[in-house]
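Visitor: pasting the structure only:
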């Protein structure tokens with residue numbers, strides 16, 4: 001069995017708040033555009049590998065990873 005076949009069976013459990021925030025992020029957005037509460041949720045989503053953070057010209061951006069969630 002290959003690792004790609006194995007990873008297709010893995011799903012990530014999200015809270016309602018995490019799922020709603022993840023739906024709102026469709027393109028790369030600056031982290032500073034989110035409220036303090038949203039930033040806490042975003043940190044959790046980064047830990048779960050649902051979002052990635054990247055620095056672009058001294059601006060921290062968040063972008064959605066390709067994931068399946070339940």
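Guide: Alright, I've got the coordinates. Not measured: the values here are computed from a predicted model. Numbers count the residues shown, from 1 in each chain.

Visitor: ok, how many other residues are close to residue 54?
Guide: Taking other Cβ atoms under 10 Å as the neighbour definition, residue 54 ends up with a count of 11. Bear in mind the C-beta positions are built from the backbone N, C-alpha and C, glycine included.

Visitor: so what's the backbone phi/psi at it?
Guide: Its backbone dihedrals place residue 54 at phi -140, psi 150, with angles given as degrees, to the nearest 10.

Visitor: Touching, residue 62 and residue 31? I think so.
Guide: Yes: at 5.5 Å, residue 62 counts as touching residue 31 under the criterion of Cβ atoms under 8 Å.

Visitor: quick one: common contacting residues for those two?
Guide: Shared contacts of residue 62 and residue 31 (Cβ atoms under 8 Å, 6 or more residues apart in numbering): 42, 53.

Visitor: Those two: who's more crowded?
Guide: Set side by side, residue 62 and residue 31 give different neighbour counts by other Cβ under 10 Å, the larger being at residue 62 (21 against 17).

Visitor: could you measure that one against residue 17, distance?
Guide: Look at residue 62 and residue 17: by Cβ to Cβ, to the nearest Å, they are 16 Å apart.

Visitor: do residue 31 as well
Guide: Applying Cβ to Cβ, the value for residue 31 to residue 17 is 17 Å.
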